[in-house]
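*Asks:* Provided below are the primary sequence and the corresponding predicted coordinates.
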Amino acid sequence: MNLPQALAITLAAVAGLATGVLLPIGVAAPATVVAVAAGVLAAETAERRRIRRLTLQVNSWLGGAEPEPLVLPGTAPWRELGVTLQALRGSYLRRGARLDREQPWRRELVDSLVQPALLFDPTARLQAANDAARSLLSIPIDIGPATVLQTIGSPGIADAVRAARGSDEPVSIDVEHNGHDLRATVSRVGEETLVVIADRTRERRVEELRRNFVVNASHELKTPVTSIQTLAEALAVTVRNDPDRTTRLVSRLGIEAERLARLLHDLLDLRRLEERGPLERVPVDVAEVVRATIAELIPSADQLGVTVELDAPEHAVVAGVPGDLEVIAKNLIGNAVQYNRDGGEVRVSLTARDGRQVLQVTDTGLGIPQQDLQRIFERFYRVDTARSRETGGTGLGLSIVRHAVERHGGSIRVDSLLGEGSTFTVTLPVEPPR
């Protein structure tokens, strides 16, 4: 057997293995070898065409085009592969449809939240933000799919989003941003990230005011309490050794006790007025309240040489709380009498205007410096500390008035010139505000 014949027999055997047709070695001839080789080449070409068709169909699925049913002709393994791929395609279609349904639902959830909320996609790009978040963070409507830092402008919140994406637990962080104290809570919602923000600026300011109030109240209470203790000790000694001084010490003790009682009463009034909730309103004749207040203050006004004039109708009825309206009248008219000059005047007027009752109290006292006008309604703030304490003032009167007026849906304004007196104007609605 020469070399060409040996090669022909070998090729025939290989071709037989490829096609499944085994020929006896002795009968292999060149023509048979060529035929078998051509069969192998045809089979390989068919397999390539089948694989290419499969690739095109799978790529069409990925491209989102409307796919055709996958049918792979050929042997049983090819048909099984087709069935498996078809089932996989159905599973991904169902999952995609579920995600498509969930995305609008999540956006609607963000829009329905009262607190500022933002939703970011798996690549940390903005997907939705409700109106509260856009208002608080000044987010433009047309910002598009921006990053967390581009959207919120806070590196701290951006770090919290990255941390939350790698954790199964929510991440909370407190940051200061554009003058606001914010608390951001970041949670994973599926593959997306939800950021809910609470603006704690007002809460922090209230906490600070409460702390300052406790400090100031303690300081104010310490003065009369210390005086009472000192006078009580002095009185115990004086009763035995100097009975003639007893009357004077008892008088001073009574003054300090009265100051302490007044301070406690004002604190209770302020606490009551700060409580939120509906008011139990009844018809109240403000003109009668003002007249009763002036009658009560006439002895003090006569002692100080102050003249009080009233210009009011016979009746001026508003829907309100009697105790609160009495507090307003007593504090404003009482201050006008106490902090007036000798021989001064107090003019009180009550007029109806556009469904409201307007109470004006004008005095001829020393007036209020312009730099103090913005602070006189603060708790424990005094323009003239020495004189206020000398007259028994607690520093809470105007703060109580402001709370009472605002609680009734009204407003208060002060106009004053140093050395020329002051005018306080209170406007109260006749009917409860809606």
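*Replies:* Good, I have the coordinates. Residues are numbered from 1 along each chain as shown.

*Asks:* now do the strands in the stretch 301-434 of the chain.
*Replies:* Along the stretch 301-434 of the chain, the segments classed as strands by DSSP state E, counting those that start in this stretch run 307-311, 317-320, 345-353, 356-363, 411-417, 421-429.

*Asks:* er, the stretch 151-300 of the chain I mean
*Replies:* 171-177, 180-189, 192-199, 282-285.

*Asks:* mind putting the strands of the stretch 301-434 of the chain into CSV with distance to Ser154 and mean pLDDT?
*Replies:* Yep, even glycine has a C-beta here, placed from its N, CA and C like the rest. As requested, those are exported to CSV (distance: least, CB to CB, whole Å; pLDDT from 0 to 100):
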stretch, distance to Ser154, mean pLDDT
strand 307-311, 58, 92
strand 317-320, 45, 90
strand 345-353, 48, 93
strand 356-363, 45, 93
strand 411-417, 37, 90
strand 421-429, 42, 93
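
*Asks:* ok, which of those comes nearest Val195?
*Replies:* strand 411-417 (38.5 Å; CB to CB).

*Asks:* sorry, back to before: tabulate the strands of the stretch 301-434 of the chain (TSV), appending distance to His403.
*Replies:* Below are the strands of the stretch 301-434 of the chain laid out as TSV (distance: least, CB to CB, whole Å):
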stretch	distance to His403
strand 307-311	25
strand 317-320	14
strand 345-353	21
strand 356-363	16
strand 411-417	10
strand 421-429	13
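
*Asks:* which one of those lies closest to Gln371?
*Replies:* That would be strand 411-417 among the strands of the stretch 301-434 of the chain, by CB to CB, at 11.5 Å.

*Asks:* could you export that closest one as PDB, CA atoms only?
*Replies:* Backbone C-alpha positions of strand 411-417 (Å, rounded to 0.1, in the frame of the first residue of the first chain) are rendered in PDB as follows:
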ATOM      1  CA  SER A 411     -51.600  89.700  65.300                       C
ATOM      2  CA  ILE A 412     -49.700  92.200  67.400                       C
ATOM      3  CA  ARG A 413     -47.500  95.200  66.400                       C
ATOM      4  CA  VAL A 414     -45.500  97.700  68.400                       C
ATOM      5  CA  ASP A 415     -44.500 101.300  67.300                       C
ATOM      6  CA  SER A 416     -42.200 103.200  69.500                       C
ATOM      7  CA  LEU A 417     -39.800 106.200  69.600                       C
END
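
*Asks:* buried stuff in it?
*Replies:* Ile412, Val414, Ser416 (16 or more other CB atoms under 10 Å).

*Asks:* phi, psi for Gly166 please.
*Replies:* Per-residue torsions, Gly166: phi -100, psi 10 (degrees, to the nearest 10).

*Asks:* ok, how many other residues are close to it?
*Replies:* For Gly166, the tally of surrounding residues (other CB atoms under 10 Å) stands at 8.

*Asks:* over to the one 4 residues further on?
*Replies:* Using other CB under 10 Å, Pro170 has 13 neighbouring residues.
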